[in-house]
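[1] No sequence on hand, only this structure:
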C-alpha cells in the first residue's frame, strides 16, 4: 500500500475537503485526487462521498482511517529508528605503520561538524597485516601502505612517504645526512614473520630473505631490535618524529621506492558512513 496515497487519504479525511488537504500537503489538487482514485482502485471501494461542503468518509473510509494513521505512525517510527541507528554508528578504522595518521585530526574535525553522531574508533594493526584488519572483518576501512596483495579490496592512493633507516645511534652511518639502501647490504635486519604478505615483507626488508635478524611484529619491536640487537631496518619517515628516542638514529634512505599511503576497504561493500570517513581522510591528506 502506497504510503503517499495513505497520507493524502488521511489529510482529506481530517480536512473534509480536497482543496484544503492539497494546501496542507503542499500538493496540487489533481495529483492528490489521482492518488485517492488509485487507492480506491487498489482497495476496490469508494473512500469518500462528495458533499456540498467537501468530502465525507464512506463506511469503508471510516474503517481505513485508524488503520492508515497507524501505518503512517509505524512507518515514521521505523524511519526514526533507522536514522537513530545510523547516527550512533561506529566506523572502525584500521591503521598500519602510522600510515596517514597526520591527516586524522583534520578529518575528525570535519566529521564532527558534518556527522556529529558518528564515532570513529582506531584499530592499530600489527605490521604483519598490511590490510589493517580488513580480511578478518575487524575494521571497515584501513589507512595502510602498498605493496601488498589487494585482491578483493578497493584501494585509493593518498600519497607517498619516504623511508628512513633506523640505526643504533653509535653506528658509523648514523651521522650521515643520507645514505643509499645498498649501504645496508650485509647488515642484520629486523624481519617480519613467515606467512606475512610476500610483497610487504620484500619491500620492508629490502634484502635477501635469509638476511639474519630478529623477527618483529610492531614498530616498538623494531625499535627494541635496533637498541638491544644492534640491527637496522627500514621504517616510514614519520617514525623519526613519532618514535624519536635516545639510542636510535633515523637516516633518510635513497635508492628505495617511497612508501605509498592508501585507503583500503572491502570491494563491493557500499556504506555511506564509510564513504564519509574515507572522503574526510582523503581531503585532509590532500590539504
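    Received it, and whenever you're ready, just let me know what you need. The structure presented is a predicted model; accordingly, all values stated were derived computationally and were not measured.
[2] Which parts of this structure are helices?
    Ranges of helices in the chain, per DSSP state H, are 3-15, 18-25, 29-43, 59-87, 104-114, 198-205, 219-229, 239-242, 272-286.
[3] Mind checking those helices for the one nearest to residue 173?
    Nearest to residue 173, of all the helices of the chain, is helix 219-229, at 12.3 Å by Cβ to Cβ. In short, each C-beta sits where N, CA and C put it, glycine included.
[4] Of the helices of the chain, which is nearest residue 182?
    Across the helices of the chain, residue 182 has its closest neighbour in helix 198-205 (14.1 Å, Cβ to Cβ).
[5] what about that closest one, distance to the chain center?
    26 Å (Cα atoms, centre = their mean, to the nearest Å).
[6] how about the strands in the stretch 151-287 of the chain?
    Per DSSP state E, counting those that start in this stretch, the stretch 151-287 of the chain carries strands over the ranges 153-161, 163-168, 179-180, 233-236, 248-254, 259-266.
[7] Name all residues that make contact with the nearest residue to residue 12 once chain neighbours are set aside.
    Take residue 12 and drop its neighbours on the chain: the residue closest to it by Cβ to Cβ, 6 or more residues apart in numbering is residue 21, 4.3 Å away. Counting by Cβ atoms under 8 Å, 6 or more residues apart in numbering, residue 21 touches 8, 11-12, 14-15, 32.
[8] residues near the residue lying closest to residue 25 once chain neighbours are set aside, how many?
    Distances taken as Cβ to Cβ, 6+ apart place residue 11 nearest to residue 25, at 5.4 Å, with adjacent residues excluded. Using other Cβ atoms under 10 Å, residue 11 has 20 other residues around it.
[9] quick one, what contacts residue 11?
    Neighbour list for residue 11: 21, 24-25, 32 [criterion: Cβ under 8 Å, 6+ apart].
[10] And it, what's its pLDDT?
    Residue 11 is assigned 94 on the pLDDT scale.
[11] distance of it from residue 17?
    10 Å (Cβ to Cβ, to the nearest Å).
[12] okay if I get the strands of the stretch 151-287 of the chain as JSON lines plus mean pLDDT, mean neighbour count and distance to residue 126?
    Shown next, in JSON lines, are the strands of the stretch 151-287 of the chain (pLDDT from 0 to 100; neighbours: other Cβ atoms under 10 Å; distance: least, Cβ to Cβ, whole Å):
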{"stretch": "strand 153-161", "mean pLDDT": "94", "mean neighbour count": "16", "distance to residue 126": "18"}
{"stretch": "strand 163-168", "mean pLDDT": "96", "mean neighbour count": "23", "distance to residue 126": "18"}
{"stretch": "strand 179-180", "mean pLDDT": "96", "mean neighbour count": "16", "distance to residue 126": "28"}
{"stretch": "strand 233-236", "mean pLDDT": "95", "mean neighbour count": "24", "distance to residue 126": "15"}
{"stretch": "strand 248-254", "mean pLDDT": "97", "mean neighbour count": "18", "distance to residue 126": "20"}
{"stretch": "strand 259-266", "mean pLDDT": "95", "mean neighbour count": "23", "distance to residue 126": "16"}
